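Trainee: Output the structure for:
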Amino acid sequence: MNTLGEKIRYFRKLKGLSLEDLANDLEISLTAYSKIERNITDVNISRLTQIAKTLNITLIELLAADKNSRKHLKENENLKEIIAQKDKEIIVLQKKIIGLMGKKLG
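Mentor: Purely as a prediction, here's the structure:
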């Protein structure tokens, strides 16, 4: 992760926000925000501070993000998938319990 746009994209994805979500939070157009992530638009310190605040991180965290951050993003995505699968398993078990309770009471 070399560019500022890549760093912003990393934290946006880490927070589970879409391009549109962050553009709306910053009160700018989707096109304008997209240009920030693609490094087409230079970002002033005021806008950078606003982005960091919106992402609930410090400006230092945003600027200091490095290539190891990508590894953490991938790990976070894997954990989300595991949690989603476990949630499905829990729902199946809950349905079985409800069925057994119904038989017992009926």
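
Trainee: what does the domain assignment say about this structure?
Mentor: According to automatic domain parsing, the chain is divided into the following domains: 1-66, 68-106.

Trainee: which SSE is I97 in?
Mentor: Element membership of I97 [criterion: DSSP states H and E] is helix 68-105.

Trainee: pLDDT on that helix, on average?
Mentor: Here helix 68-105 scores 83 as its mean pLDDT.

Trainee: do the same with stretch 39-53
Mentor: Rounded mean pLDDT across stretch 39-53 is 94.

Trainee: which of the residues in it are buried?
Mentor: By neighbour count with 16 or more other CB atoms under 10 Å, stretch 39-53 contains the buried residues T41, V43, L48, Q50, I51, A52. The C-beta positions use only the backbone N, C-alpha and C, and glycine is treated the same way.

Trainee: and what of stretch 26-43?
Mentor: For stretch 26-43, using 16+ other CB under 10 Å, the buried residues are L26, I28, Y33, S34, K35, I36, E37, T41, V43.

Trainee: Please enumerate residues in contact with that stretch?
Mentor: 3-6, 8-9, 12, 19-20, 22-23, 47, 50-51, 54 (CB atoms under 8 Å, 6 or more residues apart in numbering).
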